[in-house]
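Colleague: Have a look; sequence and predicted model below, questions after that.
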There are 2 protein chains.
Amino acid sequence: MKRDSRLSSVLHALLHMAEHEGPMTSDALGRCLGANPVVVRRTMGLLREAGLVSAERGHSGGWRISADLRIVSLRHLHEALGEPAIFAIGNRNEVPECLVEQAVNAALDKAFLEAEALLMERFADVTLADLAADFTRRHAERRATKD
Amino acid sequence: MKRDSRLSSVLHALLHMAEHEGPMTSDALGRCLGANPVVVRRTMGLLREAGLVSAERGHSGGWRISADLRIVSLRHLHEALGEPAIFAIGNRNEVPECLVEQAVNAALDKAFLEAEALLMERFADVTLADLAADFTRRHAERRATKD
DNA sequence: TTTCATGTAACTACATATGTTACGATTCGG
DNA sequence: CCGAATCGTAACATATGTAGTTACATGAAA
């Protein structure tokens, strides 16, 4: 199964936007991410619908962050992306007649739901501001190592 | 992304085998699961390599469980299947140059590793015997309801 | 020796993420 | 007002991975 990397992509894009003065075009973001500008527009469009960014068309247009970095968490972004399926493993049949399969599904579902709940908790704990701070720390570290 | 349902499938198959006298053929298991017998052989072959089941060819052959149901956990089965990827979400680029992307990956990896650790714990806690008992309970319940 | 079963390779079918092309809609600058 | 820049979006292409299917070799039992 090919993994959905949109959450990773939008985080990367948003942090670049946070470091950048003025709006960034889909083309510029595409170059940062190594992604196609149309894919950028497609994905950022979901964040726009969630009110997290805004887009301006025409000359000197592009994408801007329109939310507080200290508020927006990974969970918000996951929701903005439509809460895509988290697991690459699942039940063969979601509503089985067979009692054996029902027992199997119940056990698997319980484990997956717990893991998903933990993941969502962790996602809710991390904001864009946290990531920006981590980036700043890494940046300072690299400069210190080079000197 | 199509989900990997092999763990669900082998659990379903193993429990049917546990309830069944003598070996079960790939054809019979395929009918239980609603799956193709070749796919059954392909998947059960991995369990055979892990020593969890054995296969006999020829007349009155088929698959047999060759391990203690009280010992074999979901985790063992997951391992026997080659520990397939658990998450359908992931980083865009696993070894990025970009410090922004490194910060993003670090945050996501941390959350995913914690969730995976919890899932593996839960998997280790559930044995085939537990599932068989749960099936028996469901079976008794259904009969009680019908009466 | 015939039949029934697994073992396995090769190919097909299908789903989904991402990439690409094309073009319309909008905005700014000259 | 025109033209370039930019987003919005549809339609199609490509890539990858799961499961299904066909075909046939191998082995065991009646």
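Modeller: On my side now, so go ahead.
Colleague: where exactly do the strands run in chain A?
Modeller: Applying DSSP state E to chain A gives strands spanning A:53-56, A:62-65.
Colleague: So, low pLDDT: which residues of chain A?
Modeller: Applying pLDDT under 70 to chain A flags residues A:1, A:146-147.
Colleague: what does it have sitting close to DNA strand C?
Modeller: A:2-6, A:9, A:34-36, A:38-39, A:56-61, A:84-85 (CB under 7 Å from any atom of the strand). For every residue, glycine as well, the C-beta is placed using N, CA and C.
Colleague: wait, which of the strands of chain A is closest to B:Ser26?
Modeller: strand A:53-56 (52.6 Å; CB to CB).
Colleague: buried residues in that closest one?
Modeller: Within strand A:53-56, the residues that count as buried by 16 or more other CB atoms under 10 Å in any protein chain shown are A:Val53, A:Ala55.
Colleague: Spell out whether it and DNA strand D are in contact.
Modeller: Yes: interface with DNA strand D: strand A:53-56 contributes A:Ala55, A:Glu56 (CB under 7 Å from any atom of the strand).
Colleague: Residue of chain A nearest DNA strand C, please.
Modeller: Distances between chain A and DNA strand C by CB to the nearest atom of the strand are smallest at A:Gly58, namely 2.4 Å.
Colleague: State the distance from that residue to DNA strand D.
Modeller: For A:Gly58, the distance to DNA strand D (CB to the nearest atom of the strand, to the nearest Å) stands at 4 Å.
Colleague: Can you give me the neighbour number for A:Ser8?
Modeller: 22 (other CB atoms under 10 Å in any protein chain shown).
Colleague: I'd guessed it sits against B:Arg92; true?
Modeller: Yes: if you go by CB atoms under 8 Å, A:Ser8 and B:Arg92 touch, sitting 4.5 Å apart.
Colleague: Residues that sit against both of the two, list them.
Modeller: B:Glu101 (CB atoms under 8 Å, 6 or more residues apart in numbering or on different chains).
Colleague: any chance of the strands of chain A in CSV, with distance to chain B too?
Modeller: Below are the strands of chain A laid out as CSV (distance: least, CB to the nearest CB, whole Å):
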stretch, distance to chain B
strand A:53-56, 16
strand A:62-65, 14
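Colleague: Helices along chain A, start to end?
Modeller: For chain A, helices defined by DSSP state H occupy the ranges A:6-19, A:26-33, A:37-49, A:74-80, A:99-125, A:128-146.
Colleague: For chain A, which residues are neighbours of DNA strand D?
Modeller: So chain A meets DNA strand D at A:1-2, A:24-27, A:37-38, A:41-42, A:44-45, A:48, A:55-63, A:92 (CB under 7 Å from any atom of the strand).
Colleague: Report the buried members of those.
Modeller: Buried, going by 16+ other CB under 10 Å: A:Met24, A:Thr25, A:Ser26, A:Arg41, A:Met44, A:Ala55, A:Gly62, A:Trp63, A:Arg92, out of the residues of chain A next to DNA strand D.
Colleague: Right, I'll call it a day here.
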